Every structure is written in structure tokens, then in C-alpha cells.
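**Student:** Mind folding the following:
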Amino acid sequence: MDPTLYDTVLCGDESELRRLLDSDHTLDINAMVDDHLIHIYLHRTVLCMAAYREHEGIVNLLLDRGADINTVGSTNGTALGVAVSQGYRGIVALLLGRGADVNTVGGEFGTALGMAAFKGHEKIVTLLLDRGADANTVGGTYGTALGVAAYKGNEGIVTLLLDRGVDVNTVGGEFGTALGVATFKGNEKIVTLLLDRGVDVNTVGGGYGTALGVAASWGHEKIVTLLLDRGADVNTIGSEYETALGVAVFQGDAHKGNEGIVTLLLDRGADVNTVGGTYGTALGVAAFKGHEKIVTLLLDRGADVNTVGGTYGTALGVAAYKGNEGIVTMLLDRGADVNTVGGRYGTALGVAAYKGNKGIVTVLLDRGADFNTVGGTYGTALGVAAYKGNEGIMTLLLDRGADVNTVSGKYGTTLGVAISQGNEKMVALLLDRGADAIYVGGNYETAQGEYPTALDAARSGKAATALLFFFFFCKSLLVFILRYMTRGCIPG
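**Tutor:** Sure thing, here's the model as predicted:
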């Protein structure tokens with residue numbers, strides 16, 4: 001990037017720019033402004049800068065000398081998007097006449113058409129459509145030009161785009177559809193307009209799943225009711241928090257959740273036990289957020305406390321992950337099975353072991369958690385503790401009677417887990433507490449293949465772990481041989 005070139009364009013000195021280009025043929029007019037200079041020049045290419053400054057002569061000169069007309073060189077997209085953002089109809093017409101691709105995607109609003117919709121330039125919207133702009137091109141935060149117009153609440157441009165045949169159900173952007181965007185803004189008028197023009201109220205897309213999910217998330221109770229009245233499926237799954245009910249629970253007040261919308265959705269038929277998303281159910285979401293009132297409300301409305309789903313298995317597992325002793329106790333008091341198996345860590349005890357929360361581990365053990373229950377990637381809660389290298393939790397579980405040689409999970413035994421992590425301290429602790437040094441089992445895999453024994457696994461790990469294990473392996477093997485020699489029946 002040559003600062004002289006940019007400064008000349010910034011000043012609008014066409015004669016000096018021509019002289020500069022004629023005298024130095026090595027200048028790259030498509031070079032991008034460095035990040036640390038963007039605050040000075042505002043745009044990354046000289047063409048975008050010229051368009052921004054409305055220097056028609058310089059725009060033509062740069063194009064004559066090889067400037068790429070479709071390079072995305074601004075937060076507004078291309079030079080066309082920049083010109084549109086400023087409402088420069090002359091520069092817009094010039095760029096279109098010189099071959100600008102009206103549908104190039106770039107910038108916050110997706111396309112030049114999206115920028116025109118954002119700025120409310122209705123005549124430029126019409127011009128772009130007449131010149132081939134695809135109103136259904138997806139890009140930017142709001143998905144399409146229709147989504148942008150909905151965001152701005154510009155009924156005129158929304159109607160114009162609809163009249164020109166835009167697909168009202170095109171999916172894209174953070175809120176899924178134009179209906180999702182209008183819902184996010186709480187604009188009942190635009191929501192109604194889109195519904196009247198045939199939008200599918202149950203289209204899935206974006207971070208909230210459906211328009212109903214958006215309304216539930218942002219607390220727009222009237223729009224929730226409107227969407228439900230117009231056919232929204234209250235149980236459609238389409239987001240990280242599964243249904244609109246899960247979204248409402250997640251996005252509510254930090255302490256009590258959105259009780260009004262949660263109650264409304266339940267009254268309108270929301271299935272409180274629908275499974276999906278990271279936290280499994282709406283009850284799991286409430287446990288994650290620490291919404292004790294919503295947990296109680298959901299349980300009172302029929303939530304199954306033992307439904308399995310999500311990363312942490314059950315709502316109890318989620319509460320254990322968050323370390324929320326109050327909700328852990330509440331769920332146990334309301335019938336949660338402390339040994340239900342599900343999720344990555346097997347049981348709620350496994351989740352607590354993963355988090356290293358001795359208090360929750362103790363509560364669960366005191367309430368009957370079976371430390372030898374098998375499930376999840378690491379086999380048992382002891383295996384999870386070994387994976388995390390948490391000596392305190394491992395010791396606690398062993399002291400309470402955990403079986404050090406239970407075989408399950410990806411790594412076989414807890415010893416296999418510790419070896420896989422190259423944790424010499426954990427390996428030594430387990431061997432001291434009776435871990436079988438001869439057999440691991442499971443399906444421990446590395447780049448070299450499967451290792452059915454702990455010795456094989458150790459050989460693939462860190463040298464220190466391998467040597468430590470080899471010592472204990474030899475010791476165990478010697479005991480094994482002496483035992484059979486004494487009996488006179490060495491297997492042969």
C-alpha cells in the first residue's frame with residue numbers, strides 16, 4: 001500500500017493522480033489499506049475511497065487503469081455499496097455502467113441493495129432492481145435486503161421488495177428470515193405485513209430457530225401471541241436451546257427467567273419435555289441459567305426431571321456442571337435419579353467430577369450416586385477425574401469405594417484415561433491404589449492404531465509416563481508369575 005496514492009485520492013487531485021500513475025507503473029491500485037491505517041482512510045481500496053468522496057473523474061481514471069470494480073474494500077462492501085450508502089446516484093449509475101456486479105456480497109448489509117434498503121434510498125433500490133439486483137441474495141447480519149428493510153421498519157421498501165417478487169421465506173442472517181428480523185425489532189406492523197404476504201411462520205433459521213423463538217427470546221409477548229394465532233408451531237426445534245420455550249427460558253431475566261412468556265408458551269401447548277440442543281430440555285436450560293423459579297414452574301407443569309438429552313445428560317447434570325447446589329438439591333428432592341446415564345460425562349457425578357466441584361460431588365454421593373456407573377466418553381466418574389487430572393476428586397471417589405479397574409469408555413479403564421493424557425502423577429496414584437497394570441481394554445486409539453493394554457498405551461505416550469508404567473507393569477507381572485509358580489501351574 002502506497003500512502004501517496006491513497007492521499008492523492010483522498011484529496012481528490014485527479015491531475016496529480018494521473019501523473020503519479022503515469023510515472024510509477026509499479027503502483028498497485030488494488031492494494032488494501034493496512035489495518036492500522038483504516039481509521040484514517042475509512043476504506044480499504046482507493047476505488048472505494050473515491051466513490052465515498054464522490055470523485056467521479058477519479059473513479060473513471062482508476063477503472064481505466066485496472067481497478068477491480070467488484071473488490072470488497074469497505075464495511076459497506078464494494079465501491080457500489082459505498083456509493084449507495086452515501087446516496088450518490090450519479091456514482092451508482094457510473095459504476096453500474098462500468099460493469100459493477102450488483103449482487104456482490106460484502107459488508108454488514110450484504111449487498112448494495114441491502115445497503116440501499118438500510119439507508120432508505122427507495123429510488124436507488126428501484127434502480128438496482130432494474131439493473132438486475134437479486135433481492136434474494138443472502139449476506140450480512142439481516143440475511144437479505146428484505147431483512148434489512150424489516151430491521152429499519154421501512155414499510156415502503158418492504159412493500160416494494162415484496163411487489164418485485166422477493167422470496168419472503170429466504171433464510172439467512174442472525175434472525176433467520178425477514179419475519180425473524182421484524183420480530184426482533186418488535187415491529188408488529190411489519191410482522192403483520194409479512195404474514196399477510198405469505199411468510200411461513202415456521203421457517204427455521206438463525207440463532208433463535210424460528211420467529212417465535214426470536215419473539216420469546218426478546219420478550220415480545222404480543223408478537224408471541226400474534227405468531228401463535230397465525231399458526232406458529234410452539235414445539236418446532238431450531239436453535240441451540242431447542243424450542244421457543246427453551247429460548248424463552250435462556251434469554252429471560254438473569255435470576256427468574258421470562259416467566260410471562262414461558263407460561264404463555266406452556267398454556268399454548270409447548271411440550272415441556274421436548275429434547276434438543278446443548279442442555280437437552282427447557283428444564284436443562286433453566287438449570288443452566290440458574291432460574292430456580294422457572295425450574296419449579298416447569299416441574300409443576302410436568303417436566304420429566306430424568307429426561308436424557310444434551311451434552312450433560314439430564315437437568316441434574318446441567319446443574320452439576322454449573323455448580324448450582326440449590327438446583328441440584330431441588331431436582332433431587334423432586335425425584336431426579338442421581339444415576340441416570342447420558343451425555344458426554346456419563347452421569348451427573350461424572351459432570352461434577354469434570355468440573356472439579358468437590359461440594360457437588362459430595363452432595364451427589366451422599367444422595368446415592370453410584371461412582372461405578374458406566375457411561376460417557378471416559379467410562380466412569382473416576383475416569384472423568386483422571387482425564388481432568390483432578391487428584392482431589394479422584395482421591396475422594398477412591399476413598400468412597402470407586403472401582404479403579406472398571407472397564408468402559410473410549411480408554412478402557414481409568415488407568416487408560418490417565419495414560420492417554422500423559423499424566424504421570426495420575427498414573428502413579430492409580431497404580432498405588434490397585435489399578436491393573438496388565439490390562440486396560442477399551443478402544444484407545446492413537447495415530448499408531450489400537451492399544452488394548454495399558455503397556456501398549458503407555459508406549460504411545462510421554463516417555464516419563466511409559467517408564468513409570470513399565471516399572472509397575474513389571475512389578476505386577478512378577479507377582480503374577482510368582483503366584484502361579486507357588487501353585488505349580490504356570491500357564492503354558
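
**Student:** how about Gly77, phi and psi?
**Tutor:** Per-residue torsions, Gly77: phi 100, psi -120 (degrees, to the nearest 10).

**Student:** Poorly predicted segments of the chain, please.
**Tutor:** 1, 34-42, 239-241, 252-257, 438-492 (pLDDT under 70).

**Student:** run the last query once more with 80
**Tutor:** 1-2, 33-44, 73-74, 238-242, 251-257, 409, 437-492 (pLDDT under 80).

**Student:** Strands of that one, residue ranges please.
**Tutor:** 445-446, 449-450 (DSSP state E).

**Student:** buried stuff in stretch 396-411?
**Tutor:** Leu396, Leu397, Leu398, Ala402, Val404, Thr406, Val407, Ser408, Gly409, Lys410, Tyr411 (16 or more other Cβ atoms under 10 Å). For the C-beta atoms, the positions are set from N, CA and C on the backbone; glycine is no exception.

**Student:** same question but for stretch 367-377, I mixed them up
**Tutor:** Arg367, Ala369, Asp370, Phe371, Asn372, Thr373, Val374, Gly375, Gly376, Thr377.

**Student:** Spatially nearest residue to the fourth one, not counting backbone neighbours?
**Tutor:** With Cβ to Cβ, 6 or more residues apart in numbering as the measure, Ala402 is the residue that lies nearest to Phe371, at 4.2 Å, once sequence neighbours are left out.

**Student:** Surely the one you found and Val384 touch.
**Tutor:** No - when contacts are counted by Cβ atoms under 8 Å, Ala402 is not listed as touching Val384 (11.1 Å).

**Student:** could you dump stretch 425-435 to CSV, C-alpha only?
**Tutor:** The C-alpha coordinates for stretch 425-435 follow below in CSV (Å, rounded to 0.1, in the frame of the first residue of the first chain):
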residue,chain,number,x,y,z
LYS,A,425,1.0,-38.3,38.8
MET,A,426,-2.4,-39.8,38.0
VAL,A,427,-0.9,-43.0,36.7
ALA,A,428,1.2,-43.4,39.8
LEU,A,429,-1.8,-42.7,42.1
LEU,A,430,-4.0,-45.2,40.3
LEU,A,431,-1.3,-47.9,40.3
ASP,A,432,-0.8,-47.3,44.0
ARG,A,433,-4.5,-47.7,44.6
GLY,A,434,-4.6,-51.1,42.8
ALA,A,435,-5.1,-50.3,39.1
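
**Student:** gap between that stretch and the chain center?
**Tutor:** 38 Å (Cα atoms, centre = their mean, to the nearest Å).

**Student:** What residues of it count as buried?
**Tutor:** So stretch 425-435, judged by 16+ other Cβ under 10 Å, has buried residues Met426, Val427, Ala428, Leu429, Leu430, Leu431, Arg433, Ala435.

**Student:** Same check on stretch 58-74?
**Tutor:** For stretch 58-74, by 16+ other Cβ under 10 Å, it's Ile58, Val59, Leu61, Leu62, Leu63, Ala67, Ile69, Asn70, Thr71, Val72, Gly73, Ser74.

**Student:** quick one, domains of the chain?
**Tutor:** Each domain of the chain is listed here as a residue range: 1-101, 102-233, per automatic domain parsing.

**Student:** Looking at these, which is nearest to Ile327?
**Tutor:** Smallest distance to Ile327 across those (Cβ to Cβ): 21.7 Å, for domain 102-233.

**Student:** so how far is the first residue of the closest one from its last?
**Tutor:** Start-to-end span of domain 102-233 (Cα to Cα, to the nearest Å) is 37 Å.

**Student:** Kindly report the same for stretch 184-192.
**Tutor:** 14 Å.

**Student:** From the chain's centroid, how far away is it?
**Tutor:** Relative to its parent chain, stretch 184-192 has a centroid offset of 26 Å by Cα atoms, centre = their mean.

**Student:** ok, residues contacting stretch 157-168?
**Tutor:** Contact partners of stretch 157-168, identified using Cβ atoms under 8 Å, 6 or more residues apart in numbering, comprise 117, 120, 122, 125-126, 129, 135-136, 144-146, 149-150, 177-179, 190, 193-194, 197-199.

**Student:** How about stretch 259-276?
**Tutor:** 216, 219, 221, 224-225, 228, 234-235, 237, 242-246, 248-249, 252, 281-283, 293-294, 297-298, 301-304, 307-310.

**Student:** out of the buried residues of stretch 367-377, who's nearest Ala50?
**Tutor:** Nearest member of these to Ala50, counting by Cβ to Cβ, is Thr377, at 57.1 Å.

**Student:** Now the phi/psi pair for the closest one, please.
**Tutor:** Residue torsions, per degrees, to the nearest 10, at Thr377 are phi -70, psi -30.

**Student:** Next: Asp167.
**Tutor:** Torsion angles, degrees, to the nearest 10, at Asp167: phi -80, psi 110.

**Student:** For stretch 318-334, C-alpha coordinates in CSV please.
**Tutor:** The C-alpha trace of stretch 318-334 is given here as CSV (Å, rounded to 0.1, in the frame of the first residue of the first chain):
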residue,chain,number,x,y,z
VAL,A,318,-26.5,-29.4,33.8
ALA,A,319,-27.0,-28.1,37.4
ALA,A,320,-23.9,-30.1,38.4
TYR,A,321,-22.0,-28.5,35.5
LYS,A,322,-22.9,-25.1,36.7
GLY,A,323,-22.1,-25.9,40.3
ASN,A,324,-25.6,-24.8,41.5
GLU,A,325,-26.1,-26.7,44.7
GLY,A,326,-29.5,-25.3,45.3
ILE,A,327,-30.9,-26.5,42.0
VAL,A,328,-29.1,-29.9,42.3
THR,A,329,-30.8,-30.3,45.7
MET,A,330,-34.1,-29.2,44.3
LEU,A,331,-34.0,-31.6,41.4
LEU,A,332,-33.0,-34.5,43.7
ASP,A,333,-35.9,-33.6,46.0
ARG,A,334,-38.2,-33.6,43.0
